[in-house]
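A.B. asks: Predicted model and sequence follow; I will ask about them next.
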Amino acid sequence: MNEIKIFSPASIANLSCGFDILGVCLDKIGDEISVRKTSKKGIFINKITGFELSNDISLNVAGVAASEILKNTKVDFGFEIDIHKGIKPGSGIGSSAASSAGTVFAINKLLGEPFSDNQLIYFASKGEVAASGTLHADNVSAVLMGGFTFVRSSLNKDFIKLNYPNDLVFSIIHPKIEIKTKDSRSIIKNQVNLNDMIQQSANLGAFVHALNQKDYGLIERSMDDKVIEPIRSILIPKFTELKSSSLRAGALGCGISGSGPSVFSLCRGMKRAKNVSSVMKKIYDKIKLDYDIHLSRVNDKGIKIIDFS
């Protein structure tokens with residue numbers, strides 16, 4: 001195999017109670033990435049379409065992740081990368097993760113798959129450092145493994161795919177403002193109130209258990225962020241109204257998607273998710289704020305191969 005084209009999906013990180021720990025893979029929204037072998041050694045980003053990003057491999061998350069995987073191989077050739085961005089950078093639905101995870105997945109295929117999923121997640125998370133300034137694998141683990149994922153330790157490459165009900169649907173609204181991940185992380189406090197941390201830990205454990213047991217009531221009670229959301233929510237227009245209205249419309253939970261500004265609502269069934277989407281749209285229509293809206297089931301497979309030769 002000398003060339004491969006893949007679809008690398010969007011993702012949601014944190015899911016209210018699992019900052020830098022929980023991730024989920026979305027369906028239909030994503031980037032298309034083509035990678036081909038080249039006789040010249042090294043990593044080369046040939047072109048980026050869809051949105052304007054640097055093709056400097058030291059600044060682009062795909063280039064950083066690709067360089068990381070190449071450091072761990074002994075080959076006498078290089079790789080050329082084309083990226084079509086279907087996910088707007090700074091939207092909060094894993095734009096950087098789609099690029100970094102998709103690129104290492106494609107390179108691994110062209111190398112004959114010498115690396116495990118856990119190794120690929122680690123390489124991709126190195127790319128995330130370029131976007132956020134911090135090593136975190138919540139988004140990239142979801143993209144590479146599919147479904148809901150749990151990051152026990154990025155440094156120790158300990159990533160777990162969770163069981164979950166198959167009727168969950170996400171309604172996501174993306175107000176057309178940009179919040180850079182680095183900026184969003186910079187306002188987070190380094191110290192957390194002990195009582196808040198105890199409740200957050202309880203919510204995280206309960207949420208994982210609730211997914212496994214298909215306990216929708218416990219899912220609903222567990223999706224409460226005591227640590228990050230109170231700080232980050234000030235960056236998102238009408239967040240409090242979006243959340244309260246979504247919950248009244250039947251969402252199991254509602255929170256900030258990743259670093260924002262996108263807001264997600266987790267629903268049981270497509271009918272309820274469509275109803276929640278309609279409610280969220282009205283809030284931004286009222287203040288004449290432009291937005292995108294997405295409805296997505298959970299993507300259990302992750303990255304999809306489109307073509308290869």
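C.D. replies: Ah, there it is. Residues are numbered from 1 along each chain as shown.
A.B. asks: Name the surrounding residues that touch the helix or strand hosting residue 144.
C.D. replies: Residue 144 is part of helix 138-145 when elements are defined by DSSP states H and E. With contacts defined as C-beta atoms under 8 Å, 6 or more residues apart in numbering, helix 138-145 is touched by 8-9, 11-14, 18, 20-25, 94, 96-98, 100-102, 104-105, 117, 120-121, 124-125, 127-128, 148-149, 151, 159, 161, 258, 302-303. Where C-beta positions appear, they are placed from N, C-alpha and C, glycine not excepted.
A.B. asks: who does the lowest-mean-pLDDT helix or strand in the chain touch, helix- and strand-wise?
C.D. replies: Using mean pLDDT, DSSP states H and E, the weakest-scoring helix or strand in the chain turns out to be helix 181-186, at a mean of 72. Packing partners of helix 181-186 (3 or more C-beta pairs under 8 Å, 6 or more residues apart in numbering; DSSP states H and E): helix 117-132.
A.B. asks: so what secondary structure elements neighbour the helix it packs on?
C.D. replies: helix 61-71, helix 95-110, helix 138-145, strand 158-161, helix 181-186.
A.B. asks: For the helix holding residue 144, the averaged confidence score.
C.D. replies: Taken as a whole, helix 138-145 has an average pLDDT of 97.
A.B. asks: how about that helix as PDB, C-alpha atoms only?
C.D. replies: What follows is helix 138-145, C-alpha atoms only, in PDB (Å, rounded to 0.1, in the frame of the first residue of the first chain):
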ATOM      1  CA  ASP A 138      -9.700  12.400  25.500                       C
ATOM      2  CA  ASN A 139     -10.500  13.300  21.900                       C
ATOM      3  CA  VAL A 140      -7.900  11.300  20.000                       C
ATOM      4  CA  SER A 141      -8.700   8.100  22.000                       C
ATOM      5  CA  ALA A 142     -12.400   8.400  20.900                       C
ATOM      6  CA  VAL A 143     -11.400   9.000  17.300                       C
ATOM      7  CA  LEU A 144      -9.000   6.000  17.100                       C
ATOM      8  CA  MET A 145     -11.100   3.600  19.200                       C
END
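A.B. asks: residue ranges of the helices in the stretch 151-300 of the chain, please?
C.D. replies: Taking DSSP state H, counting those that start in this stretch to define them, one finds helices in the stretch 151-300 of the chain at 181-186, 194-213, 216-222, 229-232, 239-248, 270-286.
A.B. asks: who touches the fifth one?
C.D. replies: Outside helix 239-248, the residues within contact range by C-beta under 8 Å, 6+ apart are 171, 173, 233, 236, 253-256, 263, 265, 276, 279-280, 283.
A.B. asks: That helix relative to helix 270-286, how many degrees between them?
C.D. replies: Orientation of helix 239-248 against helix 270-286 (axes from the mean of the first three to the mean of the last three C-alpha atoms, to 10 degrees) gives an angle of 150 degrees.
A.B. asks: Next, the buried residues of helix 239-248.
C.D. replies: 239, 242, 243, 245, 246, 247 (16 or more other C-beta atoms under 10 Å).
A.B. asks: Run a quick neighbour tally on residue 285.
C.D. replies: Residue 285: 11 surrounding residues under other C-beta atoms under 10 Å.
A.B. asks: I figured residue 216 was touching residue 252, is that so?
C.D. replies: Yes - with contact defined as C-beta atoms under 8 Å, residue 216 reaches residue 252; the gap is 6.2 Å.
A.B. asks: Share the number of residues neighbouring residue 39, please.
C.D. replies: Neighbours around residue 39, by other C-beta under 10 Å: 7.
A.B. asks: Tell me the backbone dihedrals of the nearest residue to it once chain neighbours are set aside, please.
C.D. replies: What sits nearest to residue 39 in space, not counting adjacent residues and going by C-beta to C-beta, 6 or more residues apart in numbering, is residue 77, at 5.9 Å. Residue 77 adopts backbone torsions of phi -140, psi 180, taken as degrees, to the nearest 10.
A.B. asks: distance of residue 77 from residue 126?
C.D. replies: Distance, residue 77 to residue 126, using C-beta to C-beta, to the nearest Å: 21 Å.
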